[in-house]
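# Quick one, fold the following:
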Amino acid sequence: MFAGSVVQGAIGFALGLIAAPLLVEAGFSLSQAVALTTLSLGIQAFFGAWQLRRHIPAADVKLAAAVRYLTMPLGVALLLSVETLNTEDVKRVVGLGVLLGALLRIWARNMTVRDLPAAVSVATFALSGLLQGLVAMGGPPMVLWMTTREWRAHQARAFTLALFLLNAPLQVLLLLFLSDTLSVEALLMALALTPVIFLGTTIGLRLGNRFSKPWLNRVAVGLLLLIAFKAII
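Next up, the predicted model:
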């Protein structure tokens, strides 16, 4: 959770991409890993969204959140179905999710700003909700989509933080009521880790201000690829 928070603070995404596969690798069930990551994202998003509340693009947030609300339950249903697989297969599923996220980030690195048809935006939000529900990795499609917007950095961060904050309660509640391996005690663990998440985010923000964004992005993508291949192999 600390490692994911550092990277999230530095580049604005990737807590789920880093934390979820490492938690599965450490022996947590997929439901536990996703719930812990999602609740931690919600905690982090609360502080960030409040600070950036004046910069939240409300119209875009409303559309994205509504679409993600529709597809996230499907992702949770898929999560519960693959969770019955053996541990190695679950790790491969998570690894493939991380690999997809890293490849989307690489694909988006040189994209120029342009307007997208509404249908493309809706499809992107739908994929984000599906991946968020399945493996707590809904960020990469949103990062790809945001490369097409003429937003400043604080607007982009406000957008993603508001989305995570709005969607986290639904996902956690669905997992709590539907998963056989998730308990209230596991969720309390995420709350107990709040100081760790805050510390990691603070360090990440300082790193993000100290080093160039392209360099940080390359380090983050390299780390994601390493985690993905380790989980798949």
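
# nearest spatial neighbour of residue 61, skipping sequence neighbours?
residue 162 (4.8 Å; CB to CB, 6 or more residues apart in numbering). In short, each C-beta sits where N, CA and C put it, glycine included.

# who touches stretch 28-40?
Stretch 28-40 is contacted by residues 1, 4-5, 15-16, 19-21, 23-24, 79-80, 82-83, 90, 93-94, 132, 134-136, 168, 171-172, 175-176, 179, 181-182, 186-187, 189-191, 193, 197 when judged by CB atoms under 8 Å, 6 or more residues apart in numbering.

# helices or strands up against the strand or helix carrying residue 22?
Element membership of residue 22, judged by DSSP states H and E, is helix 15-25. Applying 3 or more CB pairs under 8 Å, 6 or more residues apart in numbering; DSSP states H and E, one finds that helix 15-25 contacts helix 2-11, helix 30-51, helix 87-108, helix 118-135, helix 139-146, helix 213-232.

# And the ones you listed: which comes nearest residue 206?
Evaluated with CB to CB, the helices and strands packed on helix 15-25 place helix 2-11 nearest to residue 206, the distance being 8.1 Å.

# and of the helices and strands packed on helix 15-25, who's closest to residue 62?
helix 118-135 (10.9 Å).

# one step back: counting neighbours, what do you get for the residue nearest to residue 61?
24 (other CB atoms under 10 Å).

# now residue 185
A total of 7 residues lie near residue 185 under the criterion other CB under 10 Å.

# Could you identify the helix or strand that succeeds the host helix or strand of it?
Following DSSP H and E, the helix or strand that holds residue 185 is helix 184-192. Using DSSP H and E, the next helix or strand after helix 184-192 towards the C-terminus is helix 194-210.

# List the buried residues in that following helix.
When burial is assessed from 16 or more other CB atoms under 10 Å, helix 194-210 yields the following buried residues: 197, 200-201, 204-205, 207-208.

# With stretch 43-53 instead?
For stretch 43-53, the neighbour count (16+ other CB under 10 Å) marks 43-45, 48-49, 52 as buried.

# got the CA positions of it in PDB?
Written as PDB, here are the backbone C-alpha positions of stretch 43-53 (Å, rounded to 0.1, in the frame of the first residue of the first chain):
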ATOM      1  CA  ILE A  43      -9.400   7.500   1.600                       C
ATOM      2  CA  GLN A  44      -6.700   9.100  -0.500                       C
ATOM      3  CA  ALA A  45      -9.300  10.500  -3.000                       C
ATOM      4  CA  PHE A  46     -11.300  12.100  -0.200                       C
ATOM      5  CA  PHE A  47      -8.400  14.300   1.000                       C
ATOM      6  CA  GLY A  48      -7.300  15.100  -2.600                       C
ATOM      7  CA  ALA A  49     -10.700  15.800  -4.000                       C
ATOM      8  CA  TRP A  50     -11.500  18.100  -1.100                       C
ATOM      9  CA  GLN A  51      -8.400  20.100  -1.700                       C
ATOM     10  CA  LEU A  52      -9.100  20.400  -5.400                       C
ATOM     11  CA  ARG A  53     -12.900  20.700  -5.200                       C
END
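
# any idea of the mean pLDDT in it?
Computed over stretch 43-53, the mean pLDDT rounds to 81.

# rewinding a little: so how far is the helix holding residue 185 from its chain's centroid?
19 Å (CA atoms, centre = their mean, to the nearest Å).

# Fine by me, thanks again.
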